[in-house]
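K.L.:
predicted structure and sequence below. I'll ask about it afterward.
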Number of protein chains: 2
Amino acid sequence: MNMRRGIVFGHIDFERILDAVKKSIEFAVMTGIKPLPYHIGSFITCEEVIHFQKMGGHVFFCIADLEAYAINRIPLRESYKISIDNLADLLALGLEHKRTYIYRQSEFINVLKLANIFSSHVTKRTLEAIYGERPFGHYMSALIQAADILQPQLKEFGGPKPTITPVGADQAPHSRLTRDLARKEVFRREYGFILPSFTFHTLIRGLDGSDKMSKRNPRSYFAIDEGEDSIVYKVKNAFTGGRETAKLQRKLGGQPEICPIYELEVYFFTRDDEKLRRIYFDCKNGDILCGEHKDEILRRILVFRKDHLKRKRKKLNVAQRIIRGNHLYG
Amino acid sequence: MNMRRGIVFGHIDFERILDAVKKSIEFAVMTGIKPLPYHIGSFITCEEVIHFQKMGGHVFFCIADLEAYAINRIPLRESYKISIDNLADLLALGLEHKRTYIYRQSEFINVLKLANIFSSHVTKRTLEAIYGERPFGHYMSALIQAADILQPQLKEFGGPKPTITPVGADQAPHSRLTRDLARKEVFRREYGFILPSFTFHTLIRGLDGSDKMSKRNPRSYFAIDEGEDSIVYKVKNAFTGGRETAKLQRKLGGQPEICPIYELEVYFFTRDDEKLRRIYFDCKNGDILCGEHKDEILRRILVFRKDHLKRKRKKLNVAQRIIRGNHLYG
């Protein structure tokens, strides 16, 4: 769905993964998420990961606690707690934990070792060119991220093998750095890395009309386990592609292409393409007003919320056991 | 002996250790040595560590394989092999492995985690100011070294507690960086570090008259397990503080203060102060010529070598078991 709808708008070497699927070659799906409460935008990456798992991929789920510390100053203890919640969300969305390797950056020697080795083969100039002038810890995070992406290819995991990492459009520089490291002669010889594949997805608009949902801006998103009232408030007050008056909208029609409510449908809440097309034209033709659409989608959001939270509650114990035990295989 | 003779010529907060000894408070002795074959100069740090162990210190012996990789490009596999040899040397010199915590940087999550956390609290500017313009990996090594020095103070090891780290004079900047990190409010609150103590020792002159024995310059040192012939050759051809002719030396006397052969006596081969004084004045007064002195010390070097290698051979199995098993306590 994500590809069909252009949410995934680009890739590097995705053919390699399609080929692996066709020939039943083992491949890994890498995803690293900073332990911050998931919002509805985060679910998009989660769904993509689950999709690749269903295609036969072996999932590596990295809890990026060191990155969250370096960039968002979230204490490791805090990350630990949040990551249980994140994992429960993922399991509720359909991730099979039996076929997932789950680890925290701060507790996984392979990744830190690899990141340190990488640090000897990259210049400050390169890092500055890619990321700009940043605190020292941010550069180190970038190398840890590269290590996260390449470690499924270590011998310990039956590597080298094709890997796919779905990332947001903003992560393209990381993918370049990682591929540049992977292709270095010294690492080719030592690890024989296959150049990692990436898909790039667009970022969902913020509810308040901002460019993207961002955890730094609470009005831009809702989290699925936010209180009902809060979700209702945020959606009802969301920016839309509507006109100044109802009359004008009936005449000119709405503008779904700039509307975050319509994007909620595209990214998540309307699976059926035919239905989505109907919503688009109902809006475009002025047959439905923003208030009506908001009420209608809210009903579906709240039903999804209820079902998801029920599934999530059932998964919390497993999630806790996996994270607490620092279990690698769940 | 090292302090009496001014080999250890300076310190920071050494009083804290003397106080710990007096009051029987637990303290740690930290030493991290890059896995390169030991030369006679390396033995000086080893002896200091053993001395502190005898005073009651709990030794942390770090095999700095990541640093050796970053700075000397020694592959981790190679480091692994050399470190067995290093440890056997240390045990032969008298280190009690039962009271030593032995680890490789590349296999010890505590240190890498701490180094990464530190990386978020140090600026590139600081690192550049201390170390100059260096490859990115060197900076990371410096942070790992700081983590090596501070990790004995983690709760896992019953910290915080006083620690002493004997270092060469050239390592003073490291000690400053480490103390600056330790005193940061954020780490004080999280870990309660006691500011680490350091002793600084001078570096023994190179046999070829260069400033210091250096592994990069094989004529500057001998290793104790070098072949006898090679040691004899290097000592016989060593630079000395002698005069142009025997006659002149009988008249003016030698110059022990610039003589690497005399330094061998001071640093290692003459334990008895009275004997050392005799050697000094015999040289100074022209009563002994360089050739005679070299022959004489060579006899003692070769006896020490034989005994040491015998002791070392007996320790190789233990050393191998400890390193191979990645045993932390031997």
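P.N.:
Now that the structure is in, tell me what you want to look at. Numbering: from 1, shown residues only, chains lettered A, B, ... in the order given.
K.L.:
could you pull out the strands for the stretch 51-200 of chain A?
P.N.:
A:58-63, A:100-104, A:163-168, A:197-201 (DSSP state E, counting those that start in this stretch).
K.L.:
so which of these is nearest chain B?
P.N.:
strand A:100-104 (9.8 Å; C-beta to the nearest C-beta). Backbone N, C-alpha and C define where each C-beta goes, glycine included.
K.L.:
alpha carbons of that closest one, in PDB - could you do that?
P.N.:
Listed in PDB are the C-alpha atoms of strand A:100-104, where the atom choice follows Å, rounded to 0.1, in the frame of the first residue of the first chain:
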ATOM      1  CA  THR A 100      12.700 -10.600  15.500                       C
ATOM      2  CA  TYR A 101      16.000  -9.800  17.000                       C
ATOM      3  CA  ILE A 102      15.400  -7.000  19.600                       C
ATOM      4  CA  TYR A 103      18.300  -5.100  21.300                       C
ATOM      5  CA  ARG A 104      19.200  -1.900  23.000                       C
END
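K.L.:
got the strands of the stretch 51-200 of chain A as CSV, with distance to chain B columns?
P.N.:
As requested, the strands of the stretch 51-200 of chain A are exported to CSV (distance: least, C-beta to the nearest C-beta, whole Å):
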stretch, distance to chain B
strand A:58-63, 13
strand A:100-104, 10
strand A:163-168, 21
strand A:197-201, 24
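K.L.:
residues from chain A in reach of chain B?
P.N.:
Contacts of chain A with chain B, taken as C-beta under 8 Å from any C-beta of the partner chain, map to A:66, A:69-70, A:73, A:106-109, A:112-113, A:116-117, A:119-124, A:127, A:135-137, A:139-140, A:144.
K.L.:
any idea of the angle the helix or strand of chain A with the lowest mean pLDDT forms with helix B:124-131?
P.N.:
Ranked by mean pLDDT, DSSP states H and E, the weakest helix or strand in chain A is helix A:124-131, scoring a mean of 88. Counting by axes from the mean of the first three to the mean of the last three C-alpha atoms, to 10 degrees, helix A:124-131 lies at 180 degrees to helix B:124-131.
K.L.:
what does helix A:124-131 contact?
P.N.:
With C-beta atoms under 8 Å, 6 or more residues apart in numbering or on different chains as the test, helix A:124-131 has contacts from A:Arg134, A:His138, A:Tyr139, A:Ala142, A:Pro173, A:Arg176, A:Leu177, B:Lys124, B:Pro135, B:Phe136.
K.L.:
which of the residues you listed count as buried?
P.N.:
Buried members of the contacts of helix A:124-131, counted by 16 or more other C-beta atoms under 10 Å in any protein chain shown: A:Arg134, A:His138, A:Tyr139, A:Ala142, A:Leu177, B:Lys124, B:Pro135, B:Phe136.
K.L.:
just the ones in helices from the residues you listed, please.
P.N.:
A:His138, A:Tyr139, A:Ala142, A:Leu177, B:Lys124, B:Phe136 (DSSP state H).
K.L.:
still on that earlier bit, of the strands of the stretch 51-200 of chain A, which is nearest B:Ile204?
P.N.:
strand A:100-104 (45.0 Å; C-beta to C-beta).
K.L.:
other SSEs contacting the closest one?
P.N.:
For strand A:100-104, the packing partners by 3 or more C-beta pairs under 8 Å, 6 or more residues apart in numbering or on different chains; DSSP states H and E come out as strand A:58-63, helix A:76-93, helix A:290-324.
K.L.:
can you redo these as TSV with distance to B:Asp272?
P.N.:
Formatted as TSV, the helices and strands packed on strand A:100-104 follow (distance: least, C-beta to C-beta, whole Å):
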stretch	distance to B:Asp272
strand A:58-63	60
helix A:76-93	54
helix A:290-324	60
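K.L.:
tell me the most buried of the ones you listed?
P.N.:
Comparing the helices and strands packed on strand A:100-104 by mean neighbour count (mean count of other C-beta atoms under 10 Å in any protein chain shown), strand A:58-63 ranks first with a mean of 23.
K.L.:
dump that strand to CSV, keeping only the CA atoms.
P.N.:
These are the backbone C-alpha positions of strand A:58-63, laid out as CSV (Å, rounded to 0.1, in the frame of the first residue of the first chain):
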residue,chain,number,x,y,z
HIS,A,58,14.3,-11.4,9.5
VAL,A,59,13.7,-8.3,11.6
PHE,A,60,16.3,-6.5,13.7
PHE,A,61,14.6,-4.1,16.0
CYS,A,62,17.0,-1.6,17.5
ILE,A,63,16.1,0.5,20.5
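K.L.:
contact partners of it?
P.N.:
Counting by C-beta under 8 Å, 6+ apart, A:26-33, A:35, A:49, A:52-53, A:79, A:83, A:86-87, A:90, A:95, A:99-105, A:111, A:148, A:151-152, A:323 sit against strand A:58-63.
K.L.:
now the buried members of those.
P.N.:
A:27-33, A:35, A:49, A:52-53, A:79, A:83, A:86-87, A:90, A:95, A:100-105, A:111, A:148, A:151-152, A:323.
K.L.:
give me the element the residue lying farthest from the centre of chain A is part of.
P.N.:
In chain A, the residue that sits farthest from the middle, by C-alpha atoms, centre = their mean, is A:Lys247; the gap is 39.4 Å. Using DSSP states H and E, A:Lys247 sits within helix A:246-252.
K.L.:
and that helix, how far out from the chain's middle?
P.N.:
37 Å (C-alpha atoms, centre = their mean, to the nearest Å).
K.L.:
follow-up on the earlier one: which one, of the helices and strands packed on strand A:100-104, ends up nearest to B:Leu309?
P.N.:
With C-beta to C-beta as the measure, helix A:76-93 is the member of those nearest B:Leu309 (46.8 Å).
K.L.:
pLDDT (mean, whole number) over that closest one?
P.N.:
Summarised as a single mean, pLDDT over helix A:76-93 is 93.
K.L.:
go on, stretch A:218-230?
P.N.:
Here the average pLDDT along stretch A:218-230 is 91.
K.L.:
which residues touch that stretch?
P.N.:
Stretch A:218-230 is contacted by residues A:37-41, A:43, A:85, A:89, A:206-208, A:210, A:212-215, A:231, A:234-235, A:302, A:304-305, A:308-309, A:312 when judged by C-beta under 8 Å, 6+ apart.
K.L.:
and with 7 Å instead?
P.N.:
A:37-41, A:206-208, A:210, A:213-214, A:231, A:234, A:302, A:305, A:308-309 (C-beta atoms under 7 Å, 6 or more residues apart in numbering or on different chains).
K.L.:
among those, which lie within helices?
P.N.:
Per DSSP H, helices hold the following members of these: A:Ile231, A:Lys234, A:Leu302, A:Arg305, A:His308, A:Leu309.
K.L.:
ok, so of the residues you listed, who is nearest chain B?
P.N.:
Of all those, chain B sits closest to A:Lys234, with 32.3 Å by C-beta to the nearest C-beta.
K.L.:
please verify my assumption that the closest one contacts A:Leu207.
P.N.:
Yes. Using C-beta atoms under 7 Å as the test, A:Lys234 is close enough to A:Leu207 to be in contact (5.6 Å).
K.L.:
okay, these two: which has more neighbours?
P.N.:
More neighbours surround A:Leu207 than the other of A:Lys234 and A:Leu207, with 25 against 17 (other C-beta atoms under 10 Å in any protein chain shown).
K.L.:
any idea how far the more buried one lies from B:Gln151?
P.N.:
Remark: distance between A:Leu207 and B:Gln151 (C-beta to C-beta, to the nearest Å) = 45 Å.
K.L.:
same question, A:Thr165
P.N.:
32 Å.
K.L.:
again with A:Leu316
P.N.:
In terms of C-beta to C-beta, A:Leu316 sits 34 Å off from B:Gln151.
K.L.:
repeat for A:Leu66
P.N.:
A:Leu66 sits 16 Å away from B:Gln151, going by C-beta to C-beta.
K.L.:
re the thing from before, output the buried ones among the contacts of helix A:124-131 as a markdown table; include the columns distance to B:Gly291.
P.N.:
Converted to a markdown table, the buried ones among the contacts of helix A:124-131 look like this (distance: C-beta to C-beta, whole Å):
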| residue | distance to B:Gly291 |
| --- | --- |
| A:Arg134 | 62 |
| A:His138 | 61 |
| A:Tyr139 | 57 |
| A:Ala142 | 60 |
| A:Leu177 | 61 |
| B:Lys124 | 54 |
| B:Pro135 | 46 |
| B:Phe136 | 50 |
